[in-house]
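Trainee: Predicted structure and sequence below. I'll ask about it afterward.
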Amino acid sequence: MRVLFVSSANRKGEINPVVHNQGLSLIKEGVDLRFFGVRGKGVSGYLRNIGLLRKQIRDIQPDIIHAHYLLSGVVATLAGAKPLVVSLMGSDVHGSRGQRFFSSLLAKHCWKVCIVKTVRMQQALGTADSLVIPNGVDMELFRPGDREEACRKNGWDGSSVNVLFTSNPGRAEKNYLLAEKAVARAGVSNIKLQILKDVPRESVVNYLNAADVVLLTSLWEGSPNIIKEAMACNIPVVSTDVGDVREIIGETSGCFITGYDVDEISEALLRAIEYRTTDGRCHIVHLDAGTVAQSLINVYTRLAGS
């Protein structure tokens with residue numbers, strides 16, 4: 001089966017890393033998968049890719065075209081991609097009302113299959129027939145490691161309490177200021193708020209294993225992979241109640257869901273720091289990338305045979 005992934009490639013000319021990782025997991029399962037990177041900012045920048053995508057489809061004749069995020073789905077729709085699967089990732093549902101409206105409209109009338117990452121997204125979109133398939137985690141890459149060695153590789157002070165903020169502070173929806181205030185409010189003399197930004201994928205595991213706790217204060221998310229990756233490394237987590245984080249964490253000791261109150265988050269940080277490690281890995285085995293890839297293959301097979 002030949003599948004064409006369509007996704008933004010505006011980050012250093014590379015395919016969105018979450019999408020790229022999902023593609024790699026499908027390749028491992030034997031899928032003949034190719035990538036088409038959409039390059040250009042804004043609606044007009046995306047639309048300039050329509051002709052290029054149409055040519056790519058003619059050249060490789062895929063059995064399935066799978067676009068990721070709303071704008072890539074729009075490009076694929078206008079390029080005449082059929083059968084078209086579109087994965088909505090979070091911001092295209094939980095962001096602006098306009099994004100949610102167009103996502104819902106296209107999902108109902110233009111796309112053969114719409115995939116969302118959480119039940120909450122499915123409900124917000126108003127499409128009961130959309131499929132809930134979260135992103136998987138590479139359990140081979142993300143696994144517990146030695147904290148001292150990870151700190152050394154990152155150039156961190158291993159004697160500090162390292163709180164890892166896992167997003168670009170410049171993105172408003174990631175709510176960095178709240179994280180900064182909560183860490184300061186915790187009142188721990190040697191606590192440091194570390195930033196995970198523009199780090200090669202193979203190095204992310206070192207940042208996680210060097211952290212005493214992973215902190216996520218986002219206003220919205222789809223299915224944040226960094227939480228799954230932290231749990232795969234048995235690292236404590238403090239997160240606001242966004243996306244499917246509550247479902248992912250479940251009853252895992254050392255992982256906490258909070259509101260947006262500074263005191264509540266700082267108290268959760270102090271409790272998480274006491275744990276140092278969790279048994280999170282055993283709680284997410286069902287989200288192994290290979291298992292999720294097989295769910296996608298089942299969708300493709302049904303479409304190809306219809």
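Mentor: Great, that's in hand.

Trainee: In the record's domain split, what are the boundaries for this protein?
Mentor: Under the assignment automatic domain parsing, the domains of the chain span 2-136+288-304, 147-286.

Trainee: model confidence over the first one, on average?
Mentor: Translated: domain 2-136+288-304. Confidence for domain 2-136+288-304, expressed as mean pLDDT, is 92.

Trainee: Start and end of it, how far apart?
Mentor: From its first residue to its last, domain 2-136+288-304 covers 10 Å (C-alpha to C-alpha, to the nearest Å).

Trainee: And for the shortest one?
Mentor: Across its full length, domain 147-286 reaches 26 Å end to end, with C-alpha to C-alpha as the criterion.

Trainee: How about stretch 88-106?
Mentor: With C-alpha to C-alpha as the measure, the ends of stretch 88-106 fall 11 Å from one another.

Trainee: now what about it, what contacts it?
Mentor: Applying C-beta atoms under 8 Å, 6 or more residues apart in numbering, the external contacts of stretch 88-106 come out as 18, 68-71, 73-74, 77, 86, 107, 114-117, 121, 124-127, 173, 220-223, 243. Where C-beta positions appear, they are placed from N, C-alpha and C, glycine not excepted.

Trainee: Now which of the residues you listed would you call buried?
Mentor: With burial judged by 16 or more other C-beta atoms under 10 Å, the buried subset of the contacts of stretch 88-106 is 18, 68-71, 73-74, 77, 86, 107, 114-117, 121, 124-125, 127, 220-223, 243.

Trainee: Among these, which are located in helices?
Mentor: Using DSSP state H, the members of these that fall in helices are 18, 70-71, 73-74, 77, 107, 121, 124-125.

Trainee: Please report phi then psi for the residue of the chain most remote from its centre.
Mentor: Residue farthest from the centre of the chain, counting by C-alpha atoms, centre = their mean, is residue 189 at 32.5 Å. According to degrees, to the nearest 10, the main-chain angles of residue 189 amount to phi -60, psi -40.

Trainee: State the distance from it to residue 212.
Mentor: Distance, residue 189 to residue 212, by C-beta to C-beta, to the nearest Å: 14 Å.

Trainee: Next: residue 139.
Mentor: Here the distance between residue 139 and residue 212 works out to 22 Å (C-beta to C-beta).

Trainee: Among the two, which residue is more densely surrounded?
Mentor: Between residue 139 and residue 212, counted using other C-beta atoms under 10 Å, the more crowded position is residue 212 (23 against 18).

Trainee: what sits against the more buried one?
Mentor: 161-163, 236, 272-273, 276.

Trainee: go on, residue 233?
Mentor: Taking C-beta under 8 Å, 6+ apart as the test, what residue 233 contacts is 142-145, 205, 208-209, 280-281.

Trainee: ok, of those residues, which come out buried?
Mentor: A residue is treated as buried here by neighbour count (16+ other C-beta under 10 Å); on that basis the buried members of those are 142, 144-145, 205, 208-209, 280-281.

Trainee: Show me which positions of the lengthiest helix in the chain end up buried.
Mentor: Across the chain, the longest stretch assigned as helix under DSSP H is helix 289-304. Of all the residues in helix 289-304, those buried under the rule 16+ other C-beta under 10 Å are 289, 292-293, 296-297, 299-300, 303.

Trainee: what phi and what psi does the backbone show at residue 237?
Mentor: The main-chain torsion angles of residue 237 are listed as degrees, to the nearest 10 and equal phi -130, psi 140.

Trainee: neighbours around it, how many?
Mentor: The burial metric for residue 237, expressed as a neighbour count using other C-beta under 10 Å, is 28.
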